Each structure stands twice: as C-alpha cells, then as structure tokens.
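Chemist: Predicted model follows, preceded by the sequence.
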Amino acid sequence: MNLGRPLEFNPEEALDAAVDVFWCKGYEATSMTDLLDAMDLSKSSLYQTFGSKRQLFERSLARYADWLSAKMTKELAEAKSGRSFIEDTFEAVANTAQQPEGAKGCLMANSANDFGQREPALAIPVSDGLQRFTRVFMDAVIKAQAEGGVSASADPHALANYLLGTMNGLRTMIKAGADKRSAKGMVTLILKALD
C-alpha cells in the first residue's frame, strides 16, 4: 500500500453524507451499503478513513453537534435579542411540520431515544452534543434577562434545560406527523415559560 497516495475524495463531504444517512435512518437501520452509496466510497476507503460503522457514527454525532451548535451560536449572535432568538428557533422548527426536514427529527435526540443508557460509549457523544445545545440556550436566556425579555428571577440553567427538552419533544411530535397548526400551538405554550 502506498501510504503517501493522496485521498481521491473529500473526507468532510463524505462525513456529511454519512451524517445525513444516520439522521434519516438511525444507526441500527443504516446498512453499510447505505453508507457506501451515500458517501460514494469503496468499502476499503471507508474503513481506512473512518474505521467501523460504529466509529463512523461517533464521528457523525460529533460532526452534527459541531454543525448545529455553530449554527445556533451564529443565529444568537445575529438575533435582535436573546428572546427573539429563542422564539425564532422554535418557530423555525414548527415550520418543519409535515416537511422532509421535520421527518428527520434531531440526530442527537433520535440517538438518545435509540440508545438511552444501554450503550454508554454512544451515550457520551450524545450527552456532550445535547449539553452544547443547552449552553447556547442558556446564553440566550442570560442575554434575554439582561435585555428585560425574560424574567430576571428565572434560573437560566433550568430554563435552558426546559427549552432543550421541549425542543426535542416538539421535534419528536413533528417527526411522528404533527401538523403545523399543532406544532405552532405547542410553541405558544412552550414560550409562556419565558414570561
């Protein structure tokens, strides 16, 4: 084997393709054939670059967490206020009801539901990802409190945990087929906790 031979594919693009397959199908329902087709790789290239299916899944979880936490952080920085970021984030999720994006749910929440505590090695990257999302919500709550958009007496950590939990519940309901009207009704109730 020539170790100096350059890769003939973009590993980042291949990993993004794997993320999408796992996100749509889940770990257990995803076959190696699904991954090879989506990533446009030979079996030997996949194993040499990413290792086993399980190792590829762990890297996919980390990639998804990096992507979503960066997206949320950027949106918070660009938002008119901390409260508007929270409202806009929930509104955007509600708008995915009965759309292809909504049918996917959240890769982290899906994986938490799939594995729970029975796969400790996979529970760690899932927990790490969820904590990163919680941190963005906590930053938004603290910002909103400083701006007067959220009660100053609210516990930012507890409220951030509530927002993440209800976000995952909303995504699960949408994944199960909730329509936009139902999703928006849920968001109205969820956001009352900010008052």
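Modeler: Here it is on my side, so go on. Keep in mind that this is a model prediction, so the values were computed, not measured.

Chemist: give the contact list for D179.
Modeler: 97-98 (C-beta atoms under 8 Å, 6 or more residues apart in numbering). For the C-beta atoms, the positions are set from N, CA and C on the backbone; glycine is no exception.

Chemist: in the protein, what spans have low per-residue confidence?
Modeler: By pLDDT under 70, the low-scoring segments of the chain are 1-7, 116-117.

Chemist: separation between the residue nearest the centre of it and T96?
Modeler: Nearest to the mean C-alpha position of the chain, by C-alpha atoms, centre = their mean, lies C106 at 4.6 Å. C106 sits at a distance of 11 Å from T96 (criterion: C-beta to C-beta, to the nearest Å).

Chemist: re the thing from before, which phi and psi does the residue nearest to the centre of the chain have?
Modeler: Backbone torsions of C106, given as degrees, to the nearest 10, read phi -120, psi 130.

Chemist: M173 is in contact with that one, correct?
Modeler: No. Applying C-beta atoms under 8 Å as the test, C106 and M173 come out as separate, 12.0 Å apart.

Chemist: for the protein, what spans make up the helices?
Modeler: Counting by DSSP state H, the chain has helices at residues 11-25, 32-39, 43-50, 53-78, 82-94, 100-104, 107-115, 120-147, 156-175, 180-191.

Chemist: Not counting the second one itself, show me its contacts.
Modeler: So that's helix 32-39. 14, 17-18, 20-21, 25, 41-43, 46, 53, 56.

Chemist: which two from these end up farthest apart in space?
Modeler: Taking C-beta to C-beta, the two most distant members of those are K25 and S42; they sit 21.0 Å apart.
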